[in-house]
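Engineer: quick one, fold the following:
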Amino acid sequence: MKTVWTFTNKKELDKNQFIDYFERKVFRTIRKHQLLPKNKIFTLKKSQDINTAVLKQILETKFQVKLLPSREGTYRSATKPNTSTTNLSSEAENIFKKIIKGNFGHKTKPSPLLNLSDKEIELYAKLKNIKGTKRKENKKIQNLFKKFLTKNQDLEVNILNAQNQIIPQNYLS
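Structural biologist: Below is the predicted model of the structure:
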């Protein structure tokens, strides 16, 4: 089988192994952070982005999923999305942006895609033929990340872990 993903520890995954790894990671994150809604219906903000499309397809294998119109600020409390599509790359970028501005109190809200990077999500979408738009990256932050990535390939994970060590878990609740 052809290798589609190689981890930093040199372990390689073919297409089917990667799809299984990716889906298991999403469901493991849901369990770990207790993200399953009481009514077992996930509601997402309707969007054309790749994160929403991927998450919707994965969740629909086991749960009911509703897409809500993406009118900013017009949700009634009963109809707000109960699940975020934020991923590891966007969250690391947000944390780094806040740190540069001197704000160390950034709260990370758990999301099913929180432990998956843009690269992993884009590869999964490609393998499953899921269409969607890529998120816009902050060029300034990405240039800084590129300088660090040569020495630390797990930079995004390390940023999230460091932030979780700075801010106590009970602060996130």
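Engineer: which parts of the protein are strands?
Structural biologist: Using DSSP state E, the strands found in the chain span residues 3-6, 12-14, 41-45, 64-68.
Engineer: looking at these, which is buried most?
Structural biologist: strand 41-45 (a mean of 19; mean count of other C-beta atoms under 10 Å). To be clear about C-beta, it is placed using only N, CA and C from the backbone, and glycine gets the same treatment.
Engineer: check contacts around Glu23.
Structural biologist: With contact taken as C-beta atoms under 8 Å, 6 or more residues apart in numbering, Glu23 is in contact with 58, 61.
Engineer: any idea how far Lys10 is from it?
Structural biologist: Relative to Lys10, Glu23 is positioned 23 Å away (C-beta to C-beta, to the nearest Å).
Engineer: re earlier: could the strands of the chain go into JSON lines alongside mean pLDDT and distance to Leu160?
Structural biologist: Compiled in JSON lines, the strands of the chain are given as follows (pLDDT from 0 to 100; distance: least, C-beta to C-beta, whole Å):
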{"stretch": "strand 3-6", "mean pLDDT": "93", "distance to Leu160": "20"}
{"stretch": "strand 12-14", "mean pLDDT": "96", "distance to Leu160": "22"}
{"stretch": "strand 41-45", "mean pLDDT": "93", "distance to Leu160": "22"}
{"stretch": "strand 64-68", "mean pLDDT": "92", "distance to Leu160": "25"}
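Engineer: can you put those strands in CSV and add distance to Lys128?
Structural biologist: Putting the strands of the chain into CSV (distance: least, C-beta to C-beta, whole Å) gives the following:
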stretch, distance to Lys128
strand 3-6, 12
strand 12-14, 14
strand 41-45, 17
strand 64-68, 16
